[in-house]
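Asker: Sharing a model prediction with you, sequence too.
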Amino acid sequence: MLAHRPQLLRFFTGRTGDPAEAEDVVQEIWLRISQAESGPIADSLSYLYRVGLNIVIDRVRERQRRERREHDWTDISVTRLGGEAVDERPSAFAGVESRQRARQLAAAIEALPAGARRVFRRHKLDGLSHAQVAAELGITKSAVEKHIAVALRHLTAALKE
């Protein structure tokens, strides 16, 4: 095998168009023949070429499968506009802006009057109905609605600033 190495490298560089891939093919030939249990080989160079060509064919098929798989995945997961892929994720700027807005909202909720803050949290954040909040806090449903209205006015004003 070592005596034929330069010859094999030239041959597989010509077949693959890539010296690095040719080197990989020659190394894989060595691995395959060192692990194979076979009898005497009449023409060792022809045998090495055949093993190498099989490896090249396997690599081409694997590359084609990978490209099809990636193409199929891209088709279903990437939006294209005018033939160009569009990243639909929010931009870094939008992420920062969103976090700032969330901090503003949290601060505005903390600044609400105590009754409005308690009612707003139970209804809007915890998901309780007006009737459930009223029963829990021992106030009327109308009072809950008034507290929510006060909270929304304060929050709207705070977020416009």
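Answerer: Everything's here; your move.
Asker: going forward, measure contacts and count neighbours with C-alpha atoms only.
Answerer: Fine.
Asker: From Ser38, how far off is Ala108?
Answerer: Going from Ala108 to Ser38 by C-alpha to C-alpha, to the nearest Å gives 79 Å.
Asker: Counting neighbours, go ahead and name the busier of these two.
Answerer: Using other C-alpha atoms under 10 Å as the criterion, Ala108 and Ser38 rank with Ala108 on top: 18 against 8.
Asker: Show the subsequent helix or strand relative to whichever strand or helix holds Val26.
Answerer: Element membership for Val26 (DSSP states H and E) is helix 19-35. For helix 19-35, the following helix or strand on the C-terminal side (DSSP H and E) is helix 44-77.
Asker: Pull out the buried positions in that next one.
Answerer: Leu48, Tyr49, Val51, Gly52, Leu53, Ile55, Val56 (16 or more other C-alpha atoms under 10 Å).
Asker: isn't the first one right up against Gln27?
Answerer: No. Taking contact to mean C-alpha atoms under 8 Å, the distance of 11.3 Å between Leu48 and Gln27 leaves them out of contact.
Asker: Spell out which residues make up each domain of this structure.
Answerer: 2-81, 105-160 (automatic domain parsing).
Asker: which one of those lies closest to Pro90?
Answerer: In terms of C-alpha to C-alpha, the element of these nearest to Pro90 is domain 2-81, at 13.9 Å.
Asker: For the closest one, measure first residue to last.
Answerer: End to end - C-alpha to C-alpha - domain 2-81 spans 54 Å.
Asker: and the residue of the chain most remote from its centre, what pLDDT?
Answerer: Farthest-out residue of the chain from its mean C-alpha position, per C-alpha atoms, centre = their mean: Ala42, at 52.3 Å. pLDDT recorded at Ala42 is 83.
Asker: For the protein, give me the ranges with low pLDDT.
Answerer: 1 (pLDDT under 70).
Asker: Nearest residue to the middle of it?
Answerer: Note: the chain centre (C-alpha atoms, centre = their mean) maps to Ser77, 9.8 Å.
Asker: Could you measure from that residue over to Ala85?
Answerer: Taking C-alpha to C-alpha, one finds Ser77 at 10 Å from Ala85.
Asker: Please identify the deepest-packed of the domains of the chain.
Answerer: Ranked by mean neighbour count under mean count of other C-alpha atoms under 10 Å, those are led by domain 105-160, which reaches a mean of 16.
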